[in-house]
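Engineer: show me how the following folds:
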Amino acid sequence: MALMGRLTILRDRYQRKVRSMRLIRLPEVLMKTGFSRSRLYADDTFPQRVRLGKRGVAWVEAEIDEWIQKRMEDRE
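Structural biologist: So this is what the prediction gives:
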């Protein structure tokens, strides 16, 4: 029983670490936020994108999730 609890904790830590390093592309960012593309780029408070190459960009998923959480807390 104790071993299962430890394995669960380790698995959760690993998943959080992997999730914080995950880069997501524009379609997923738009789906998470409900923004249009132009609204996303016009928002000065939105997390900065990461350049992947000449034309490719992505966002750090953990930063997007934190931004959404902060917006939810600010409304209260």
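Engineer: which residues touch R51?
Structural biologist: Counting by Cβ atoms under 8 Å, 6 or more residues apart in numbering, R51 makes contact with V57. Every residue, glycine included, has its C-beta placed from N, CA and C.
Engineer: distance check, it against S36.
Structural biologist: Remark: distance between R51 and S36 (Cβ to Cβ, to the nearest Å) = 22 Å.
Engineer: with V50 instead?
Structural biologist: Applying Cβ to Cβ to V50 and S36 gives a distance of 21 Å.
Engineer: just W59 next, same as before
Structural biologist: 16 Å.
Engineer: those two: who's more crowded?
Structural biologist: When neighbours are counted by other Cβ atoms under 10 Å, W59 and S36 differ, and W59 comes out ahead with 23 against 10.
Engineer: tell me which element the more buried one is part of?
Structural biologist: Using DSSP states H and E, W59 falls within strand 57-60.
Engineer: helices or strands up against that strand?
Structural biologist: Other helices and strands packing on strand 57-60, by 3 or more Cβ pairs under 8 Å, 6 or more residues apart in numbering; DSSP states H and E, are strand 23-24, helix 26-33, strand 50-51.
Engineer: now the residue nearest the centre of the chain, nearest residue through space, not along the chain?
Structural biologist: The residue lying closest to the centre of the chain (Cα atoms, centre = their mean) is E61, at 1.9 Å. Nearest residue to E61, sequence neighbours excluded (Cβ to Cβ, 6 or more residues apart in numbering): R22, at 4.4 Å.
Engineer: count of residues packed around the one you found?
Structural biologist: Under the criterion other Cβ under 10 Å, the count of neighbours that R22 has is 13.
Engineer: that one and E63 touch, don't they?
Structural biologist: No. Counting by Cβ atoms under 8 Å, R22 stays clear of E63, with 10.5 Å between them.
Engineer: overlap of the contact sets of these two?
Structural biologist: By Cβ under 8 Å, 6+ apart, no residue touches both R22 and E63.
Engineer: so G5: helix, strand or coil?
Structural biologist: Going by DSSP: H, G, I helix; E, B strand; the rest coil, the secondary structure assigned to G5 is helix.
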